[in-house]
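**Q** Got a sequence here, can you model it:
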Amino acid sequence: MIRVLFVCLGNICRSPMAEAVMRDLVERKGLTVHIKVDSAGTSDWHKGEAPHKGTLALLRELGISTSGMLSRPLRTADLSFDYVVCMDASNVENTRKMLRAFDHPHIFRFLDLTDHQKDVPDPWYTGDFQETYELCVEGCEALLEKIIVEHQLERAAH
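**A** Here you go, the predicted structure:
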């Protein structure tokens with residue numbers, strides 16, 4: 001099983017949106033037996049809470065499930081994930097510190113997989129959940145392609 005963890009600050013806006021988008025893509029590609037997706041936050045501010053109402057509203061409108069998703073803080077055991085995908089540079093830095101994994105090759109910034117050399121803006125502050133969603137789709141498509149190639153899942157994806 002290939003395990004993907006999305007990380008942001010509070011685990012209520014960006015990382016759950018990426019989790020939901022990735023789960024949807026994985027399901028549509030028929031890869032749920034190969035790939036498990038989760039999300040966490042570098043803080044415990046919203047531990048046990050559902051995703052932000054803006055995230056929920058947009059994903060519901062698009063028919064993307066958020067079933068079973070509750071905020072949780074990053075924990076040491078998360079280093080076992082194959083991919084720890086952070087929404088911004090500060091999340092990368094905090095994740096590396098928290099997991100004591102300064103050179104771990106599978107902890108990286110989400111949009112480094114795309115042509116966007118920037119962070120995923122936090123809609124908690126910007127209010128722009130649509131922009132976050134569009135970047136999550138682009139990043140998730142790039143990440144899924146990376147996983148398919150690296151783990152030779154081409155046959156399973158068809």
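
**Q** which residues of the protein fall in strands?
**A** In the chain, strands defined by DSSP state E lie at 2-8, 35-41, 83-86, 107-109, listed in chain order.

**Q** Can you list the strands that the first one pairs with?
**A** The reference is to strand 2-8. Partners of strand 2-8 in the sheet, by DSSP bridges, are strand 35-41 (parallel), strand 83-86 (parallel).

**Q** list the helices and strands the helix or strand bottoming out on mean pLDDT in the chain packs on?
**A** The weakest-scoring helix or strand in the chain, judged by mean pLDDT, DSSP states H and E, is helix 123-126 (a mean of 92). Contact analysis of helix 123-126 by 3 or more Cβ pairs under 8 Å, 6 or more residues apart in numbering; DSSP states H and E lists helix 129-150 as its packing neighbours. C-betas here are computed from N, CA, C, even on glycine.

**Q** Let me know how buried the closest residue to residue 56 other than its chain neighbours is, in neighbour terms.
**A** Closest residue in space to residue 56, ignoring its immediate chain neighbours: residue 66 at 6.0 Å, by Cβ to Cβ, 6 or more residues apart in numbering. Using other Cβ atoms under 10 Å, residue 66 has 17 neighbouring residues.

**Q** Give me the pLDDT for residue 66.
**A** Looking at residue 66, its pLDDT is 96.

**Q** okay, and for the chain, where does confidence drop off?
**A** Applying pLDDT under 70 to the chain flags residues 155-158.
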